[in-house]
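# Dropping a prediction and its sequence here:
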Amino acid sequence: MRRVLHAVSQHENLDTSQHNFGRFLRRRSKYRFKSTVEPDLVSKFLLFFVVEFCQTVRKSDLEAENMAVQGTLERTTSSDVVFDELFGRITRLELLPGTKISETDVAKSFGYSRQPVREAFTRLANLNLLLVRPQRATVVRPFSRRLIANARFVRAAIELEVVRLAASDRDRSVDAALKSNLREQGGAVADGDVSRFHDLDYQFHRLLCASARQAFAFDIIAENKAQVDRLCMLALTSKEAMDVLYEDHTKLLKALFGGDAQAADDVLRVHLDRLTPTIDAIYTTHNAYFDE
């Protein structure tokens, strides 16, 4: 039968009609069919066999492809879980600059293989949050004043344009979410909940981009914001510090809803510049956390 299938696959001018197919197979096969056998019956039988064989092979291929896709999705999802958890712990300073971190230990703690952990480490290293060195321990990257300055420049350039657009022609469907977020910020300040306020601040700036119809811009802001978020956690040690940022957000939202682009620009510049004395103070009090 292998010879039959090979002959079929190699015959370029094969007429696929049942009658000619039967005549072709009888001519090619080493077997000689008796003249009493109807050509159509032979062709139908062998055609059915070939079709069933091809369908079986195709089904096996599809199953293999589905398994490969499923495996990729699971690995991607696992990598995202590890990334999100470590990103949060690093930016909240639960993992301090210089802390050693092991692929093997992280994989065991999550119950994953090392591959998704390695992928998460690579993403964190690309954000300058981890320092991955060959043949040496991976560590949480120390603060770098140069990287922080670069990140602040990029963030300011993008976010100032975001608030200008939002003040000029915002997406009003985002208004309710912004108001709700601001109310929750007030609650976090009243409770002295630094971690909660930090999360709400992150979402507030994401919503600003959505309001300007430039949601994609927050991905770039977030990549650069991560460099300064850890410093913010060191700075947000009192209710008074959170209250200042909350007041900035309140003024910014008032300017946006009032369509005052200049006022929004002024408020945001002051808001972003508040980090300058903070960096200097932290460099003095926590010099060991810096690499330069």
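Cool, the structure landed.
# show me where the stretch 101-250 of the chain has strands.
130-131, 138-140 (DSSP state E, counting those that start in this stretch).
# and I158, which of those is closest to it?
strand 130-131 (24.1 Å; CB to CB). All C-beta atoms are positioned from the backbone trio N, CA, C, and that covers glycine.
# before we move on, the earlier item: wait, which of the strands of the stretch 101-250 of the chain is closest to V228?
Closest to V228 of those is strand 138-140 (CB to CB; 15.3 Å).
# Format the strands of the stretch 101-250 of the chain as CSV; extra columns: mean neighbour count.
Formatted as CSV, the strands of the stretch 101-250 of the chain follow (neighbours: other CB atoms under 10 Å):
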stretch, mean neighbour count
strand 130-131, 20
strand 138-140, 19
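# Turn the ones you listed into TSV, columns for mean pLDDT and distance to R155.
Converted to TSV, the strands of the stretch 101-250 of the chain look like this (pLDDT from 0 to 100; distance: least, CB to CB, whole Å):
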stretch	mean pLDDT	distance to R155
strand 130-131	94	21
strand 138-140	95	21
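# could you dump those strands to a markdown table with distance to G111?
Listed next are the strands of the stretch 101-250 of the chain as a markdown table, based on distance: least, CB to CB, whole Å:
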| stretch | distance to G111 |
| --- | --- |
| strand 130-131 | 21 |
| strand 138-140 | 20 |
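# what bits of the stretch 151-292 of the chain have low per-residue confidence?
Within the stretch 151-292 of the chain, the stretches falling below the threshold (pLDDT under 70) are 292.
# Where do the helices of it begin and end?
175-191, 194-211, 217-235, 239-257, 261-273, 275-285 (DSSP state H, counting those that start in this stretch).
# looking at the ones you listed, which is closest to T138?
Of the helices of the stretch 151-292 of the chain, the one closest to T138 (CB to CB) turns out to be helix 217-235, at 17.0 Å.
# Give the other helices and strands that that closest one contacts.
Judged by 3 or more CB pairs under 8 Å, 6 or more residues apart in numbering; DSSP states H and E, the packing partners of helix 217-235 are helix 39-91, helix 145-169, helix 194-211, helix 275-285.
# The second one: which residues count as buried?
By neighbour count with 16 or more other CB atoms under 10 Å, helix 145-169 contains the buried residues 147-148, 151-152, 154-156, 158-159, 162-167.
# any idea which of the residues you listed is the one closest to S211?
Out of the buried residues of helix 145-169, the member with the shortest distance to S211 (by CB to CB) is A166, at 4.5 Å.
# list the contacts for D171?
210-213 (CB atoms under 8 Å, 6 or more residues apart in numbering).
# can you put the helices of the stretch 151-292 of the chain in CSV and add mean neighbour count and distance to Q115?
Shown next, in CSV, are the helices of the stretch 151-292 of the chain (neighbours: other CB atoms under 10 Å; distance: least, CB to CB, whole Å):
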stretch, mean neighbour count, distance to Q115
helix 175-191, 16, 37
helix 194-211, 20, 29
helix 217-235, 19, 23
helix 239-257, 18, 39
helix 261-273, 17, 39
helix 275-285, 14, 36
